[in-house]
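**Q** Make a model of this:
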Amino acid sequence: MILRELVDAIGRGEPVVSATVVRTSRSVPRHAGSRMLVYGDGRTSGTIGGGEMEHRVRIEAVAALADGKPRLTTYSLVDPGEGDPGVCGGEVDIYVEPHMPPSTMYIIGAGHVGKAVSDLSHWLGYRTIVWDDRDEIVDEIENADATVSGPIDEALEQARVTENTSIIMVTRNVPLDLQLLPSLVATPAPYIGLMGSRRRWETTRSQLIDNGMSESDLEKVHSPIGIEIQAETPEEIAVSIMAEVIGHQRAP
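**A** Numbers count the residues shown, from 1 in each chain. Predicted coordinates:
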């Protein structure tokens, strides 16, 4: 049951931590192989013994979600006066392992550059989603895990943005950016990159603020997107864009 729930969480792209009892000695609450899942929102499923020990494991699970690293923890359940989380008399090792979904590249715009970014993102192993408001254009995208079209709010319901998503906007004009950005900025995506000149972004930003968006709302928008490599072709521009996005993701 727990393993099936773990597989389902990974399948829907939800970060989750598995905590597994891997070794016991003497008297402990649960046997080796007992598992508990801990989700990012604090939910748990299953148990590895309850009480103070389980509480401490949940804290370790939150830390594992934050840094993406597994850890092996050992607890003595002998003397709470010495800081032990129980009095059962035994000792237990628990392996805490985060299961992080693959990073998602959400590409807004399926023109020449959008297609090139989709191809490169897919080749690099990212979960790739492409949106365009033109059905006939988005249908031509081949290397993507999902394609969506229509109104942006409906598309965001079909293919959700998470904290593990980078949004790459390679759109065709300022009016479309003005239409899309309020919905995109409201998502949990930590990074939104917008292709275009500095002047185009200054124009877009000024109009968005006039329309009621705050400067803090727009802080996570990076424009112009891409590192400077004198790129000219769509494929070269895609390399420039993906290099910047990867650098942002890997920054300490």
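**Q** Just confirm W123 contacts E142, I think it does.
**A** No. Assessed by CB atoms under 8 Å, W123 is found out of contact with E142, at 11.8 Å. (C-beta placed from N, C-alpha, C; glycine too.)
**Q** intersection of neighbour lists for these two?
**A** Residues touching both W123 and E142 (CB atoms under 8 Å, 6 or more residues apart in numbering): none.
**Q** which residues does the residue nearest to the spatial centre of the chain contact?
**A** With distances taken as CA atoms, centre = their mean, the residue of the chain nearest its centroid is N164 (1.2 Å). With contact set as CB under 8 Å, 6+ apart, N164 has these partners: 13, 15, 100-104.
**Q** Go through those and give me the one with the most neighbours.
**A** Per-residue neighbour counts (other CB atoms under 10 Å) across these peak at T104, which has 23 neighbours.
**Q** For that one, give me the pLDDT.
**A** What the model reports as pLDDT for T104 is 92.
**Q** rewinding a little: pipe the contacts of N164 into a markdown table and attach distance to L184 and secondary structure per row.
**A** Formatted as a markdown table, the contacts of N164 follow (distance: CB to CB, whole Å; DSSP: H, G, I helix; E, B strand; the rest coil):
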| residue | distance to L184 | secondary structure |
| --- | --- | --- |
| G13 | 18 | coil |
| P15 | 21 | coil |
| M100 | 23 | coil |
| P101 | 20 | coil |
| P102 | 20 | coil |
| S103 | 17 | coil |
| T104 | 13 | strand |
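**Q** What about I237, how many residues nearby?
**A** 21.
**Q** For the host helix or strand of it, give me every contacting residue.
**A** Element membership of I237, judged by DSSP states H and E, is helix 234-250. With contact meaning CB under 8 Å, 6+ apart, helix 234-250 is reached by 103, 105, 112-113, 115-117, 119-121, 124, 166, 168, 170, 191, 193, 195, 222, 225-229, 231.
**Q** Kindly report the same for stretch 174-192.
**A** Residues outside stretch 174-192 that contact it (CB under 8 Å, 6+ apart): 106, 108, 133, 152-153, 156, 161-163, 165-167, 169, 171, 194, 196, 200, 203-204, 207-208, 211, 213, 217-218, 220-222, 245, 248-249.
**Q** how does it look with 6 Å?
**A** By CB atoms under 6 Å, 6 or more residues apart in numbering, the residues outside stretch 174-192 that reach it are 152-153, 161-163, 165-167, 171, 203-204, 207, 217, 220-221, 248.
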